[in-house]
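Q: need coordinates for the below:
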Amino acid sequence: MRNINEDTITLAVIESFAKCEDARLRTIMTNLVQHLHAFAREVKLTEAEWFKAISFLTEVGHITDDKRQEFILLSDTLGLSMLVTAQNNSKPANCTEATVFGPFFLEGAPVYRNGEDISNGAHGAPCYVKGQVRGADGEVVPNAWLDVWQSDEDGFYDVQTHSGDGPTEHRARGRLQTDAEGNFHFRSILAEAYPIPHDGPVGRMLAATGRHPWRPAHLHFMLQAPGYETLITHVFRNGDQYLDSDVVFGVRSSLIADWIRHEPGIAPDGKVFDVPWYTLDYDFVLNPSEAIA
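A: Now for the predicted structure:
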C-alpha cells in the first residue's frame, strides 16, 4: 500500500475490499470506485472542484430534514431516480408504467371511503377522479389499496406547508380501497404544474446548468394488492407545458390523461359549484407478482 500514485490507486482501493463477505456490496463498491476514479481522470478534476463538490453535498445534507429530502431531489434531477425505477420495473406492455416516487410521500395518510373528498381544504379547483384496477389478464382487482397525494394549486404539498412540531394536517392526500369490481372514485383538486423546491443547493445546480425547476401537473398513486407487484406512478395532465421538460424526467406517454373541464353546475356527487370543475377517468393495470406468475 506504500508509494501509491495516480496510476495504481484505483487497484489498491479495489483490493482493499477483498475481505468484504457481502458479494453484492463488494461488487457495488468495486464498480463505484472504478467509475468515480475514471470520472476524475476523464475531466481532470482539480482540488478546488473536488472541495466544491464536497461542500455541495454537505449543504444537501444540512438542508435535508423530515419535511424536505434534498438528496432525493438531487437524485431525481440527475435522472438517477428514474433510471433506477426504469431498470427495476420492467413490465408487460399492457401494464401501467411506473415512474419516480418523489420526496413527498407520507406514511399514515388518512383512510377514505370511495366517493369522499380527500382534499381536506387544499386550495384548487374541484376535481373528481375515478377508475378501475385490473390485472394483466383483465381480471378485476378488488380491495386494492390506493395511496393518492398531490400538491395544491400553489404548488405545495401538505408536508411543505405544515408548521409546528405536531403531526402534518393531511391535505390532498389519502388512502382508499377498490370495491368488489375493482373500481375507485374520490374527489380532490385539479392537478397543477409546480416547481420542485429550488431555494437550496439543488436549485442552484439547476440554475447554474441552465435548467428550470418545473414539474408538469400530475397526481401521485401507489397501488398495492396481494398477488401483484406494487405500482408507484403518476398520472400527468395532458396539455401541460412541461410534459417534454420535466425536471425529474418522469413523464411517460402512457401516463398522460385528459382532465375534462366542466362549466359551473351539478357535479357527480350532486354538489353544485359556481366555478368550473374537472373530472379524470384513468384505469390501472397491475403486473402479477412472481408468486402467482
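Q: distance check, the closest residue in space to residue 275 that isn't next to it in sequence against residue 193.
A: Distance criterion CB to CB, 6 or more residues apart in numbering; nearest residue to residue 275, sequence neighbours excluded, is residue 264 at 5.8 Å. Backbone N, C-alpha and C define where each C-beta goes, glycine included. Counting by CB to CB, to the nearest Å, the separation of residue 264 from residue 193 is 24 Å.
Q: neighbour count: those two, which is higher?
A: Set residue 264 next to residue 193 and count neighbours by other CB atoms under 10 Å: residue 193 wins out with 18 against 11.
Q: show me what counts as buried in stretch 130-141.
A: 130-136, 141 (16 or more other CB atoms under 10 Å).
Q: from those residues, which land in strands?
A: Those of the buried residues of stretch 130-141 mapping onto strands are 130-135, per DSSP state E.
Q: that older thread, thought the residue nearest to residue 275 was touching residue 126?
A: No: using CB atoms under 8 Å, residue 264 is not in contact with residue 126; the gap is 10.3 Å.
Q: what's the overlap in contacts for the two?
A: Shared contacts of residue 264 and residue 126, defined by CB atoms under 8 Å, 6 or more residues apart in numbering, are found at 273, 275, 277.
Q: for the second one, grab the count of nearby residues.
A: By other CB under 10 Å, 8 other residues sit near residue 275.
Q: and it, what element?
A: For residue 275, there is no host helix or strand (DSSP states H and E).
Q: roughly how far does it sit from residue 125?
A: Per CB to CB, residue 275 is found 7 Å from residue 125.
Q: could you do the last one as well?
A: Using CB to CB, one obtains 6 Å as the distance from residue 277 to residue 125.
Q: distance between the helix or strand of the chain with the lowest mean pLDDT and the chain's centre?
A: The weakest-scoring helix or strand in the chain, judged by mean pLDDT, DSSP states H and E, is helix 158-161 (a mean of 85). On the basis of CA atoms, centre = their mean, to the nearest Å, helix 158-161 sits 16 Å off its chain's mean C-alpha point.
Q: could you dump the following helix or strand past it to CSV, C-alpha only?
A: For helix 158-161, the following helix or strand on the C-terminal side (DSSP H and E) is strand 173-177. Coordinates of each C-alpha in strand 173-177 appear next as CSV, following Å, rounded to 0.1, in the frame of the first residue of the first chain:
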residue,chain,number,x,y,z
ARG,A,173,-53.6,13.1,0.4
GLY,A,174,-55.4,9.8,1.4
ARG,A,175,-55.8,6.1,1.1
LEU,A,176,-58.8,4.2,-0.2
GLN,A,177,-59.7,0.7,-1.5
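Q: not counting strand 173-177 itself, show me its contacts.
A: Under CB under 8 Å, 6+ apart, the answer for strand 173-177 is 106, 109-114, 116, 118, 120, 143-150, 157-158, 184, 186.
Q: which of these fall within helices?
A: Here DSSP state H is the test, and the contacts of strand 173-177 give residue 158 as lying in helices.
Q: just the buried residues out of the contacts of strand 173-177, in ChimeraX syntax.
A: Selecting only the buried entries of these in ChimeraX, with 16+ other CB under 10 Å as the criterion:
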select :109,112,116,118,120,144,146,147,148,149,150,157,158,184,186
